[in-house]
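Colleague: Provided below for reference: sequence and predicted model.
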Amino acid sequence: MDQQQLETNKNEDAMRMAISTMKQRLGVIEQGGGKKSLEKVRQRGKLTARERIQYLIDKDTPFTEIGAFAAYDMYEEYGGCPAAGTVGGIGYVSGRQCMIVANDMTVKAGAWFPMTGKKNLRLQEIAMENRLPVIYLVDSAGVFLPMQDEIFPDKEHFGRIFRNNARMSAMGITQIAAVMGSCVAGGAYLPIMSDEVLMVEGNGSIFLAGPYLVKAAIGEDVDAETLGGAVTHTEISGIADYKFKSDEECLDQIKRIVSKLGHTGNAGFDRVEPQPPAKPADELDSVLPADSSRPYDMLDIIDRIVDANTLDQYKQDYGKSIICGYARIDGWAVGIVANQRKIVKSKKGEMQMGGVIYNDSADKAARFIMNCNQKKIPLVFLQDVTGFMVGSRSEHAGIIKDGAKLVNAVANSVVPKITIIIGNSYGAGNYAMCGKAYDPRFIYAWPSAKIAVMGGEQAAKTLLQIQVASLKAKGQVITPEEEARLLKEITDKYYAQTTPYYAASRLWVDDIIDPADTRIRIAEGIKAANNAPVEQPFSVGVFQV
């Protein structure tokens with residue numbers, strides 16, 4: 001076996017191990033609050049959140065889950081909060097892409113933790129940006145009271161959900177709420193601010209205050225069904241529009257409602273008959289080096305994502321540390337901006353490190369992004385970036401100016417942007433390549449992704465110098481052994497914060513995906529984005545040329 005084949009096998013083994021770990025963790029997350037909680041739900045004749053979604057969506061169609069790893073490894077003092085207590089994503093209902101948001105009642109009775117609020121706001125944001133109908137499958141006990149100060153009053157907290165309900169209604173976005181369990185206190189506003197409300201008899205209830213609170217507040221004895229059950233709200237208050245005997249009947253009615261929705265204009269993104277990639281997508285496991293510092297050719301990854309023979313490189317021989325080009329993914333026209341990780345030779349004959357953004361690369365990418373906006377072509381960013389080039393030569397050449405030019409173009413882009421973090425995503429490179437702060441419509445990470453302000457080794461040594469200096473200033477003597485212990489402690493903590501799980505748990509990325517699914521994730525994202533016409537003109541304001 002030659003050296004290249006050994007390297008390929010090593011890469012494949014590392015990626016497959018990472019994918020296996022991801023799927024094992026996802027399997028635990030999909031159990032929600034655990035087997036006992038799931039069994040209690042079924043004993044009440046209810047479907048679980050994931051079962052409701054599977055029943056609702058069209059057979060043999062993809063469900064693009066968002067935020068499965070939200071709150072991962074968080075709130076351990078309260079027993080955890082898998083998927084932030086909400087299952088959400090884009091699914092096909094009666095042939096239409098819809099945003100589906102389902103409370104997971106097996107996780108603390110569907111109560112809202114801080115990350116639950118952040119995830120629900122992200123799902124609503126996606127629906128608003130892409131003009132997707134929203135289906136809420138409501139089954140929640142409301143705010144998780146021990147953390148009420150972190151979920152209740154601020155701009156990006158619980159109340160923002162209802163503000164978004166009102167804004168989406170004004171935008172003409174259909175919202176359907178099915179109350180299939182508890183819906184209490186402030187949460188009661190969500191279904192009532194939706195277009196139509198469905199309830200399941202015996203399980204669904206809507207009220208501002210439950211029986212115990214009513215008793216405490218005004219002394220009235222009343223049961224939950226009389227206070228706010230399906231019969232009460234369909235026959236007396238008029239709050240709900242339909243009542244059903246079971247989850248399945250309720251979900252069937254949602255399908256019928258969605259099937260009759262009118263169609264609005266789309267963005268007009270170009271699509272032709274899809275072609276498979278030139279190289280198999282399942283080979284993506286073996287392309288990325290197991291060692292993230294090793295160079296490789298990003299074109300080997302692009303060839304396994306885009307339709308065969310559709311990549312037309314833009315300024316191919318200029319600014320080689322970023323690949324720009326027009327291509328098609330599942331038939332959709334796209335503009336690709338990707339970090340080139342192999343060592344390349346600049347126009348001046350100098351060797352350039354892979355994954356670093358140089359002056360000419362930033363200049364090229366900024367111009368390409370402007371062209372895509374001019375032509376109304378969605379942008380796909382493939383990130384494996386260690387940052388911008390530093391040093392006197394780059395500074396004298398104006399790297400800050402060229403970097404600002406690229407950031408300006410990314411920030412003001414009006415066509416949809418979809419970002420895939422393949423490997424490193426460090427510092428300002430994360431910004432320039434459309435990290436979360438730059439409003440990508442969708443942003444996903446491979447299991448190999450690393451997201452941080454700088455590489456782990458550099459950061460750890462910098463932090464060590466600061467800590468050692470502080471201890472010495474206090475008169476403490478630091479032995480070489482103590483310094484080595486501190487370095488390991490700092491390094492371990494820093495690396496733990498760079499993993500894709502750390503990022504996904506905080507929704508810096510929408511999800512961690514199998515590399516083989518990259519193509520379908522991008523295609524589904526563009527299809528969703530095509531529902532929303534591009535209404536504002538592209539303008540960059542003050543632009544340093």
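Modeller: Happy to help now that I have it. All values derive from a computational prediction rather than experimental measurement. Numbering: from 1, shown residues only.

Colleague: What segments of the stretch 301-450 of the chain are helices?
Modeller: Remark: helices assigned in the stretch 301-450 of the chain by DSSP state H, counting those that start in this stretch are 359-375, 392-397, 399-412, 427-432.

Colleague: Run through who's touching the longest one.
Modeller: The set of residues external to helix 359-375 that reach it, using C-beta atoms under 8 Å, 6 or more residues apart in numbering, is 314-315, 318-322, 324, 335, 337, 346-347, 357, 378-379, 388-389, 394, 397-399, 402-403, 405-406, 408-410, 413-415, 432, 538, 540. Yep, even glycine has a C-beta here, placed from its N, CA and C like the rest.

Colleague: Then the second one?
Modeller: Contacts of helix 392-397 with the rest of the structure, by C-beta under 8 Å, 6+ apart, involve Tyr358, Asn359, Phe388.

Colleague: who touches the residue nearest to the last one when sequence neighbours are not counted in this structure?
Modeller: Closest residue in space to Phe388, ignoring its immediate chain neighbours: Ile357 at 4.8 Å, by C-beta to C-beta, 6 or more residues apart in numbering. Listed by C-beta under 8 Å, 6+ apart, the contact set of Ile357 reads Ser321, Ile322, Asn339, Ala365, Val385, Gly387, Phe388, Met389, Gly403, Leu406, Gly429, Ala432.

Colleague: Quick check, the fifth one in contact with Ile422.
Modeller: No - checked against C-beta atoms under 8 Å, the pair Val385 and Ile422 is beyond contact range at 9.6 Å.

Colleague: These two - which one has more neighbours?
Modeller: Val385 (30 against 25; other C-beta atoms under 10 Å).

Colleague: which residues touch the more buried one?
Modeller: Asn339, Gly355, Val356, Ile357, Asn424, Ser425, Tyr426, Gly429, Asn430, Ala432, Met433.

Colleague: likewise Val468?
Modeller: Taking C-beta under 8 Å, 6+ apart, one finds Ile478, Glu483, Leu486 in contact with Val468.

Colleague: quick one: the second one from Ile151, how far?
Modeller: What that stands for is Glu483. 42 Å (C-beta to C-beta, to the nearest Å).

Colleague: between these two, which one's more packed in?
Modeller: Set side by side, Glu483 and Ile151 show more neighbours around Ile151, with 23 against 14, by other C-beta under 10 Å.

Colleague: Just confirm that one contacts Leu145, I think it does.
Modeller: No - counting by C-beta under 8 Å, Ile151 stays clear of Leu145, with 9.5 Å between them.

Colleague: export stretch 123-132 as CSV, just CAs?
Modeller: What follows is stretch 123-132, C-alpha atoms only, in CSV (Å, rounded to 0.1, in the frame of the first residue of the first chain):
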residue,chain,number,x,y,z
LEU,A,123,-36.6,28.6,14.0
GLN,A,124,-38.9,31.6,13.6
GLU,A,125,-36.1,33.6,12.1
ILE,A,126,-35.6,30.9,9.4
ALA,A,127,-39.3,30.9,8.7
MET,A,128,-39.4,34.7,8.4
GLU,A,129,-36.3,34.9,6.2
ASN,A,130,-37.6,32.2,3.8
ARG,A,131,-41.3,32.9,4.0
LEU,A,132,-42.1,29.4,5.2
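
Colleague: buried set for it?
Modeller: By neighbour count with 16 or more other C-beta atoms under 10 Å, stretch 123-132 contains the buried residues Leu123, Gln124, Ile126, Ala127, Met128, Glu129, Asn130, Arg131, Leu132.

Colleague: Ok, stretch 253-267 next?
Modeller: Gln253, Ile254, Lys255, Ile257, Val258, Ala267.

Colleague: Tell me who's in contact with the closest residue to Tyr326 other than its chain neighbours.
Modeller: Leaving aside its sequence neighbours, Tyr326 sits nearest to Asp312 (C-beta to C-beta, 6+ apart; 4.8 Å). Listed by C-beta under 8 Å, 6+ apart, the contact set of Asp312 reads Gly325, Tyr326, Ala327.

Colleague: What about the first one, how many residues nearby?
Modeller: By other C-beta under 10 Å, the residues close to Gly325 number 20.

Colleague: Next up, the contacts around it.
Modeller: Ile302, Leu311, Asp312, Gln313, Tyr314, Gln316, Gly335, Ile336.

Colleague: Show me the beta-bridge partners of it.
Modeller: When bridges are called by DSSP bridges, Gly325 pairs up with Gln313, Ile336.

Colleague: follow-up on the earlier one: could you report the pLDDT at the residue nearest to Phe388?
Modeller: Per-residue confidence (pLDDT) for Ile357: 94.

Colleague: in the stretch 401-545 of the chain, which spans are strands?
Modeller: Assigned by DSSP state E, counting those that start in this stretch, the strands in the stretch 401-545 of the chain fall at 417-426, 442-445, 450-452, 511-512.

Colleague: Revised request: answer the last question for the stretch 51-200 of the chain.
Modeller: 64-65, 86-93, 96-103, 134-140, 175-184, 196-200.

Colleague: what lines up beside the first one in the sheet?
Modeller: Listed by DSSP bridges, the sheet partners of strand 64-65 and their directions read strand 86-93 (antiparallel).

Colleague: quick check: angle from the strand it pairs with to strand 96-103?
Modeller: Computed by axes from the mean of the first three to the mean of the last three C-alpha atoms, to 10 degrees, the angle separating strand 86-93 from strand 96-103 equals 160 degrees.

Colleague: just to revisit the earlier point, what is the most widely separated pair among the buried residues of stretch 123-132?
Modeller: Using C-beta to C-beta, the two most remote members of those are Leu123 and Arg131, lying 14.2 Å apart.

Colleague: And the strands of the stretch 51-200 of the chain: which comes nearest Gly262?
Modeller: Gly262 lies closest, by C-beta to C-beta, to one member of these: strand 96-103, at 10.7 Å.

Colleague: what helices or strands is that closest one leaning on?
Modeller: helix 49-56, strand 86-93, helix 114-130, strand 134-140, helix 518-529 (3 or more C-beta pairs under 8 Å, 6 or more residues apart in numbering; DSSP states H and E).

Colleague: Which residues does the second one contact?
Modeller: Put plainly, it is strand 86-93. For strand 86-93, using C-beta under 8 Å, 6+ apart, the contacting residues are 49-50, 53, 56-58, 61-68, 70, 97-104, 116, 119-120, 123, 126, 132-133, 135, 254-255, 258, 524, 528.

Colleague: swap the cut-off to 6 Å and go again
Modeller: Residues outside strand 86-93 that contact it (C-beta atoms under 6 Å, 6 or more residues apart in numbering): 49-50, 56-58, 61, 63-66, 97, 99-104, 116, 119, 123, 255, 258, 528.
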